[in-house]
Every structure is written in C-alpha cells, then in structure tokens.
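*Asks:* give the three-dimensional model of this entry:
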Amino acid sequence: KVNNRPSQLSGGQQQRVSIARALMNGGDIILADEPTGALDSKSGEDVVQILKDLNAQGHTIIMVTHDPSLAAQAERVIEIKDGYIIADYKNEDYQHAEPQPAAVIDKHRKSAFSSFIDRLFEAFKMSLLAMRAHKMRTLLTMLGIIIGIASVVSVVGLGKGSQEQILSNISSLGTNTITVTDGYPYGDPRRQYNDDNLTPQDAQAVADQPYVVSVSPQLNSNMNVRYRNIQEAASISGVGKDYLDVSGEKLALGQGFDEQSILRRTQDIIIDDNANKTFFPDNANPIGEVLLIGSVPGRVIGVLEPNDGGFRRSVDSPTLYMPYTTMMSRLIGSAYIESFVALIDNNISSAAAEAAISELMIGRHGTDDFRIRNSDSIRQTIEATTATMTLLISSIAIISLIVGGIGVMNIMLVSVTERTNEIGVRMAVGARQSDIMQQFLIEAVLVCILGGLLGIGLAFAIGEIINRVGGDSFQVIYSPTSIIAAFICSTLIGVVFGFLPARNAAKLDPVEALSRD
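*Replies:* From the prediction side, this is the model:
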C-alpha cells in the first residue's frame, strides 16, 4: 500500500498508518483517540493488539474512548465527565502484557546515531530531488560560487607561477650572490666627490674569505665593434675567470676564461647570442674569429647560450666579454673596477655574509664608499611583493564569493516560500524542525560544494589554456593548499548563507504552512 493514496486505504489501514507515523520520531508516549472508532471488530482487535505490543516494548499508551470494554483493557482508568475527573483507579482485572526481551526491543529501536544517519540521508535525498526539479535555477545560483572559486584558485596559481618564474630568473644570476658596487650609497652627498673606489685587490680580499666560493670583478663600456664589413655598437664587459659560475651563464660553444687569461691580459673574448647573430648571420662557427673592438682586436673563444629573457642580460644589443685586466689596460686605461660579484657558500646565511663583507670593505676603505646588493634580499622582496599582490587580488575574488553566497541565500529564501506546503506536509507526517533545517541547509551546502568543484575545474581549464599559450616561459602552478582552502570556503559559505533560510523553514507552523495557497 506504499503507493496508495490515503482515500484508498481502509479504516484499519489508516489507523495503522497513524500509529506508524507516531513512531517515526520514537513515540515514547502515544495518544490514541478512539483507536477502534468506525472500525469493524476484527480491525479494532488488530489495532488494540498493536497498542499492547508497543506497550510491552516500553511505549506509554494513553487512550481516549467511550467504549467501556476498551477501557477495561487498560491498566489505569481515568473517568472524566463535564470536564471533571470523577474517577481514577487501577484496573484489578488488567493482565499485564508479558514484557518483550531486551533483544527484541533493541531490534525494533534504532540507536540515536543510526536514527540521525537515516534522517541525514533522507534530508540529503530530498535536497537532491529539489535541486533536480529546478536545474536551471540551481545552475544560476551556483554561478557566483563557480566564478569566485575559479578566480581565487586561478589568481593564486598565476601568482605562484609568476613567483617561480621570477625566482628562477633570479637564480640564473647565481644562487646566493652578493654584488658590491663602487660609490657611496644613493642619497649620500659624498657621492659627487668620488666614484672610483673599488680595486681588483678588494675583490681578491673578499675571494679569500672562507664563506666565499668565487668572485668576479666587472667593468662595463660601450664601443663600436667591427667584423669584416659589419659594424655595430656593442656592450663590452670586463669579467673575471669565475664569471660563468657567479652569473649562471652557460656556454653554447668554446671555453671560458682561466687564470692565465687574467694574468696575461689575453685578448680573448666571449660573445653572447645577440653578438653571434649580428656578426655571424650565416651561422658560421665564430670560434677563432677576430673582432675589432674599437682599435683592439679580440679573438672569439666562446659563445654564450641564448638569453632566456631572465635577469642575467637585460639588454638586446650585442655583448662581448673579455678579461677585466685586458679591458682595464687596453680599452679604458683605469686601475679601478666598477663592481664585483661574490658567490656565497650555500651553507652560509647570505645576511651574515653581507654583514661580514661590509665590515671587511669598511676596514679596507675606512668608510662605506660602496653599495651592496644581496640577491637573497631581492628574492625575499619579490616573494613578499608577489604574496601581497596575490592576497590583494584574492581579496577581490573573495568578494565575488560573498556575492555568490548572498545569491544562494536569496534563492533559498525564495525556495522556502515556494515550498511552504511541502514543509507543512513533512511536519504533519512527523518531520522534526531539525529535519526540515537539515534538508534546506544540506541543499545550500550542496549547491556551494558543487559550485566549488565546478569552479576548481574551471580554474584548471583556464590554467591549461594559459600553460599551452605560455609554453615553457610561463606556467600556472596550482597550490594544493589554495584548492583545499577554496573547497572549504565554498562549504562554509553554504553553511553560513544557508542557515537563515533553513532556520526560517524549520520555524514554520505546520498548520499555517498547510493553510497557505
């Protein structure tokens, strides 16, 4: 008879359904008003037997009847006339029903936890049915959550990818490097009096320190370079034998400078990829060829790998490298260097090394007529800046999440109004306020969770497109933490913004709810 309507049930069947409904939420006390009224004798006996069995299981049965024969079957009889109790006595002829064994009672009684799980599952099923009944409205409600979650995950992924790319470029300068440049710090009035402060001996003194792996002095100039009938302006850099180590540059062809190159002031040069393309456009092997730098010839002994767009070489013009001693004596005629770069042992704190180098240089010069740049401080600055920007943009994305949450609350409030009759029917057949609240709260949370999952999927799709377009130069890097946080956030939004509609639904009066059109 599960699929039959109430009007299709007999009187006895309707009474049994009423008893079953009373037992839905436990029914420790059952009030039976004329339980055998309008029933034939057989059906009446069946209903009374059911009540006796329930009493044997521990339920308290209170019957209201005008039938003395039915009252005679009760343990205690209270007679009421004209609103007054005229008799209250124990029935001496009452035969106590044999109590059922505890095992039988436990079989019919579910534990509180099992009952809670059943009610939760039922609320979950009702929520899915409601969402399926209004697919378009559910999808539009999810839209704000989808956009918000996708924005947060994508922004964090873009920020992480940008940070990794920038830090990778910084690492190409040489891991854990400290650059010392001549001249007083910026803003110091003494800068106008003296800019030539650093000597090769300063670089060697730093190189002798136990925490320093290698050092490369450096000078820079711009000159015209000619090869056969090709002449171009180029950047000329004088460097030390360890330049490749401290700069992170790699050779595509040939070799680098050695100790003899520095001591003998050889006229060997290393060219970058731009210079190679400029002076050797036909892809000829440049090794051994001679270029005229100003009026000084230089023999090519090496070619650097192409610039990857990082921080190592920020100029697009041809760049040539020669021993700094050669440049000092043959090109610019100076005894001073512009700067030197020290590669610090990775086991040593860069901050401690910076302080030690500063102290050493002040001891040698008697003043702080130099500037120090720590690659690790640059790294930290970029990390902090990227984190701040990611937080800022994520905050904007979170606003869209909140707007999406308000949209969920708005639609759920409308849904409560539309389904008032349904709520009344559920309460009338035994649903508790907590059951109604669970259903609407689960519905709101499900909308937000599904929106969150779709948002994460959308973020992955956006990231895949960016990764394909950007190639190896830029990659979106997803953070598991941000994905988990976004998922938790969408769930919390469902709980927070679904609470008010769920509470309103739970507080409805069943009588009033059923009477509404």
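*Asks:* show me where the chain has strands.
*Replies:* Along the chain, counting by DSSP state E, strands occupy 29-33, 60-64, 76-81, 84-90, 177-182, 212-227, 230-239, 251-254, 268-271, 290-293, 296-304, 319-323, 339-344, 370-374.
*Asks:* give the contact list for the nearest residue to His365 once chain neighbours are set aside.
*Replies:* Counting by Cβ to Cβ, 6 or more residues apart in numbering, Asn197 is the residue found nearest to His365 once chain neighbours are left out, at 6.5 Å. For the C-beta atoms, the positions are set from N, CA and C on the backbone; glycine is no exception. For Asn197, the contacting residues are Asp182, Gly183, Tyr336, His365, Asp369, Phe370, by Cβ atoms under 8 Å, 6 or more residues apart in numbering.
*Asks:* quick one: buried ones out of these?
*Replies:* Asp182, Gly183, Tyr336, Asp369, Phe370 (16 or more other Cβ atoms under 10 Å).
*Asks:* can I get those residues in CSV with distance to Lys241?
*Replies:* What follows is the buried ones among the contacts of Asn197, written out as CSV (distance: Cβ to Cβ, whole Å):
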residue, distance to Lys241
Asp182, 21
Gly183, 25
Tyr336, 19
Asp369, 26
Phe370, 22
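*Asks:* do you know the pLDDT at Leu140?
*Replies:* Leu140 carries a pLDDT score of 84 in this model.
*Asks:* I meant Gln8, not that one.
*Replies:* Each residue has a pLDDT score; the one for Gln8 is 68.
*Asks:* which among the buried ones among the contacts of Asn197 gets closest to Asn229?
*Replies:* Distance to Asn229 across the buried ones among the contacts of Asn197 (Cβ to Cβ) is lowest for Tyr336, with 36.0 Å.
*Asks:* how about that closest one, phi and psi?
*Replies:* Main-chain torsions, Tyr336, degrees, to the nearest 10: phi -110, psi 150.
*Asks:* the residue nearest to His365 and Met361: what is the separation?
*Replies:* Asn197 is 9 Å from Met361, where distance means Cβ to Cβ, to the nearest Å.
*Asks:* any residues in contact with both of those two?
*Replies:* Common contacts of Asn197 and Met361 (Cβ under 8 Å, 6+ apart): Phe370.
*Asks:* where does the stretch 401-517 of the chain dip in pLDDT?
*Replies:* Scanning the stretch 401-517 of the chain for pLDDT under 70 picks out 472-473, 516-517.
*Asks:* ok, now the stretch 51-200 of the chain?
*Replies:* 94-113, 115, 167, 169-175, 184-196.
*Asks:* all helices for it, in order.
*Replies:* 68-71, 102-108, 112-133, 135-171, 200-207 (DSSP state H, counting those that start in this stretch).
*Asks:* quick one: stretch 492-501 to chain centroid distance?
*Replies:* 21 Å (Cα atoms, centre = their mean, to the nearest Å).
*Asks:* pull out the buried residues from that stretch.
*Replies:* Residues Ile493, Gly494, Val496, Phe497, Gly498, Phe499, Pro501 are the ones in stretch 492-501 that count as buried (16+ other Cβ under 10 Å).
*Asks:* pick out the residue nearest the middle of the chain.
*Replies:* Ser482 (1.0 Å; Cα atoms, centre = their mean).
*Asks:* right, and that residue touches Gly157 too?
*Replies:* Yes - applying Cβ atoms under 8 Å, one finds Ser482 in contact with Gly157, separated by 7.4 Å.
*Asks:* hmm, back to that, using a markdown table, lay out the contacts of Asn197 together with distance to Ile378.
*Replies:* Output for these, formatted as a markdown table (distance: Cβ to Cβ, whole Å):
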| residue | distance to Ile378 |
| --- | --- |
| Asp182 | 20 |
| Gly183 | 19 |
| Tyr336 | 25 |
| His365 | 24 |
| Asp369 | 22 |
| Phe370 | 18 |
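*Asks:* check this protein for its longest helix and report it.
*Replies:* Identified as the longest helix of the chain according to DSSP state H is helix 375-418.
*Asks:* off-centre distance for that one?
*Replies:* The chain centroid and the centroid of helix 375-418 are separated by 10 Å under Cα atoms, centre = their mean.
*Asks:* now the angle from that helix to strand 339-344?
*Replies:* Inter-element angle recorded for helix 375-418 and strand 339-344: 70 degrees (by axes from the mean of the first three to the mean of the last three Cα atoms, to 10 degrees).
*Asks:* and helix 375-418, what does it pack onto?
*Replies:* Packed against helix 375-418 by the contact rule (3 or more Cβ pairs under 8 Å, 6 or more residues apart in numbering; DSSP states H and E) you find helix 135-171, strand 177-182, helix 350-365, helix 433-470, helix 480-506.
*Asks:* how about a cut-off of 7 Å?
*Replies:* Secondary-structure packing of helix 375-418 (3 or more Cβ pairs under 7 Å, 6 or more residues apart in numbering; DSSP states H and E): helix 135-171, helix 433-470, helix 480-506.
*Asks:* let me have those in TSV, adding distance to Gln204 as columns.
*Replies:* Output for the helices and strands packed on helix 375-418, formatted as TSV (distance: least, Cβ to Cβ, whole Å):
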stretch	distance to Gln204
helix 135-171	26
helix 433-470	44
helix 480-506	47
